[in-house]
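J.: I would like the atomic coordinates for the input below:
(2 chains)
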Amino acid sequence: MEHNTEKIIREKVRAAENSAPVWQKENVWLSIENNFEINHHMSFKYYVAASASLALGLFIFLLQPKNQIVLPKSNALTKEDHKTQIFSDHTKSIISVEECKESGNTISYTLKNKSIKSIHTLVDTVVITTNVETVELEELPLQFEKTTDDTTVAKHVEQVHAIFGVEEKPVVTFSTKRQKKVHFRLFKTEEGTSPIGNTGEPVNLLARINKN
Amino acid sequence: MKEIDLVKNCQQANRKGQQELYSLYADKLYRTAFRYIKSQVDAEDVLITAFTKLFKNIQSFHYQGDGSLEAWMRKIVVNESLMWLRRRHNFNLTESLDETLPEPDLTQFSQLEADDIYKMISTLPTGYRTIFNLTVIEGYNHQEISKMLSITESTSRTQLFKAKALLKKMLLQEGFHYGT
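T.: Model prediction:
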């Protein structure tokens, strides 16, 4: 019964909605059209901006100097040669080096612990060997030195650790306590007279009492 | 033009097709929005947003026979109206309801003229009107309404009860007496 009533009400309301009301139908349509035009303009602007930023990014990427050293696999030496060399058949191991500076026959790499760890785990073929000792991946940064026979020797760069001063509380003794006592200067010598007790002559003393 | 052709034209972003769809359904959808919002200017704003979304998302609409397009458009307009209302009205504010009270009978109300029913619904307070519209006119259940308006089911039930009670009271005060 209740559902029937609701059904009747629904049908009547829907029927009432079929009649044309008085409203700004044309203006609303114009606004909808404007919205579409704005959207089209906006999307065009986004395309232009995206293309421009992509082109700029590519341009900057191509302009970057490539100071990467990629050693071909054929030059790679093995552990048995007792000479240190970085070798990899995957150039990515060098790419992940953050900074590479070359001065004379020394090439300095600035590596981050995190990045070297990731190389180690991602690229299985990357091996760092040395004729002195095995280079610990954790001990960074590393310095690679070119030798005369075109191999590279890895060295640990001595890291300078900052020394932080520790401020300790001074030991308080009886004497320091005494030193801390405030001395009041109550007497002052007259002008033209010598300090007390130096000459043995009678001295005029001026006493000042602060009433406040 | 058939409904399915209208859909195809709109899906191809044909401006004439869009305009035809608008001129065909705008009046009906405006009255739907007005039934919720009760303000001409705001109902027009809601319709602008609804039609803009509608034309944007018509690609995802799958035609399922006569009436499916209108139902889909009505749903968008109702949702937009609810979004508008939710920004301005707190649907959680409601009094408690005595569960033992009998459900108000709307038989007399249903016998009124269509326009009178429409007008009387429009005079209901926002909370009552919204729940009444959603339940009786759109056919949503209380669980669906609670999700749509972020209210509890009992709040929805209470508001519907009060809406019906108020309609009945208004009917008696106005002196409408139909049938026996």
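
J.: From here on, just use CA atoms for contacts and neighbour counts.
T.: Noted.

J.: what's the closest non-adjacent residue to residue 6?
T.: In the absence of a named chain, this looks at chain A. B:V136 (5.6 Å; C-alpha to C-alpha, 6 or more residues apart in numbering or on different chains).

J.: not what I meant, chain B
T.: Distances taken as C-alpha to C-alpha, 6+ apart place B:G17 nearest to B:L6, at 5.9 Å, with adjacent residues excluded.

J.: The residue nearest to A:E6 and A:R10 touch, don't they?
T.: Yes - between B:V136 and A:R10 there is a contact at 6.4 Å, judged by C-alpha atoms under 8 Å.

J.: Which residues of chain B lie near chain A?
T.: Neighbours of chain A within chain B, by C-alpha under 8 Å from any C-alpha of the partner chain: B:19, B:22, B:26-29, B:31-32, B:40, B:44-45, B:47-49, B:51-52, B:105-107, B:110, B:113-115, B:117-118, B:136-138.

J.: Which of the residues you listed fall in helices?
T.: Counted as lying in helices by DSSP state H, out of the residues of chain B next to chain A, are B:19, B:22, B:26-29, B:31-32, B:40, B:44-45, B:47-49, B:51-52, B:107, B:110, B:114-115, B:117-118.

J.: Please list only the buried members of the residues you listed.
T.: B:19, B:22, B:26-29, B:31-32, B:40, B:44-45, B:47-49, B:51-52, B:107, B:110, B:114, B:117-118 (16 or more other C-alpha atoms under 10 Å in any protein chain shown).

J.: May I have the predicted confidence score for residue 99?
T.: By default, I'm working from chain A. A:E99 is assigned a pLDDT of 49 by the prediction.

J.: oops, chain B please
T.: B:E99 is given a pLDDT of 64.

J.: Please apply the same query to A:S74.
T.: You'll see A:S74 listed with a pLDDT of 39.

J.: Also A:V171?
T.: With respect to pLDDT, A:V171 has a value of 51.

J.: and if you look at A:N39?
T.: 66.

J.: ok, now the one 4 residues further on?
T.: As summarised for this prediction, A:S43 has a pLDDT of 71.

J.: Report how many residues lie close to it.
T.: 12 (other C-alpha atoms under 10 Å in any protein chain shown).

J.: What separation is there between it and A:A49?
T.: Separation of A:S43 from A:A49 (C-alpha to C-alpha, to the nearest Å): 10 Å.

J.: same check, this time on B:L124
T.: Applying C-alpha to C-alpha, the value for B:L124 to A:A49 is 51 Å.

J.: quick one: which of these two has more around it?
T.: Remark: of B:L124 and A:A49, B:L124 carries more neighbours, 18 against 12, as counted by other C-alpha under 10 Å.

J.: Please give the element, helix or strand, for the residue nearest to B:L6.
T.: Assigning secondary structure by DSSP states H and E places B:G17 in helix B:15-37.

J.: what about that helix, average pLDDT?
T.: 90.

J.: Determine the set of other helices and strands touching it.
T.: Counting contacts by 3 or more C-alpha pairs under 8 Å, 6 or more residues apart in numbering or on different chains; DSSP states H and E, helix B:15-37 packs against helix A:25-63, helix B:3-11, helix B:40-57, helix B:68-88, helix B:114-122, helix B:126-132.

J.: residue contacts, B:F109?
T.: Applying C-alpha atoms under 8 Å, 6 or more residues apart in numbering or on different chains, we find B:F109 in contact with B:117, B:167-168, B:171.

J.: most centrally placed residue in chain B?
T.: In chain B, the residue lying closest to the centroid (C-alpha atoms, centre = their mean) is B:N133, at 4.8 Å.

J.: Excluding sequence neighbours, find me the nearest residue to that one.
T.: Spatial nearest neighbour of B:N133, excluding adjacent residues (C-alpha to C-alpha, 6+ apart): B:Y36 at 7.4 Å.

J.: Give the residue spans of chain A that score low on pLDDT.
T.: For chain A, the stretches with pLDDT under 70 are A:1-2, A:38-42, A:64-212.

J.: Can you pull the residues of it lying near chain B?
T.: Residues of chain A lying near chain B (C-alpha under 8 Å from any C-alpha): A:2, A:5-10, A:12-13, A:15-21, A:23-25, A:28-29, A:31-32, A:35-36.

J.: circling back: more neighbours: which of B:V136 and A:R10?
T.: Using other C-alpha under 10 Å as the criterion, B:V136 and A:R10 rank with A:R10 on top: 22 against 19.

J.: so that one makes contact with B:I137?
T.: Yes - between A:R10 and B:I137 a contact is recorded at 4.6 Å, counting by C-alpha under 8 Å.

J.: gap between B:N133 and B:R87?
T.: 18 Å.

J.: Any idea how many residues pack against the residue nearest to B:N133?
T.: By other C-alpha under 10 Å, 25 other residues sit near B:Y36.

J.: For it, give me its contacts.
T.: B:78, B:81-82, B:122, B:126, B:129-130, B:133.
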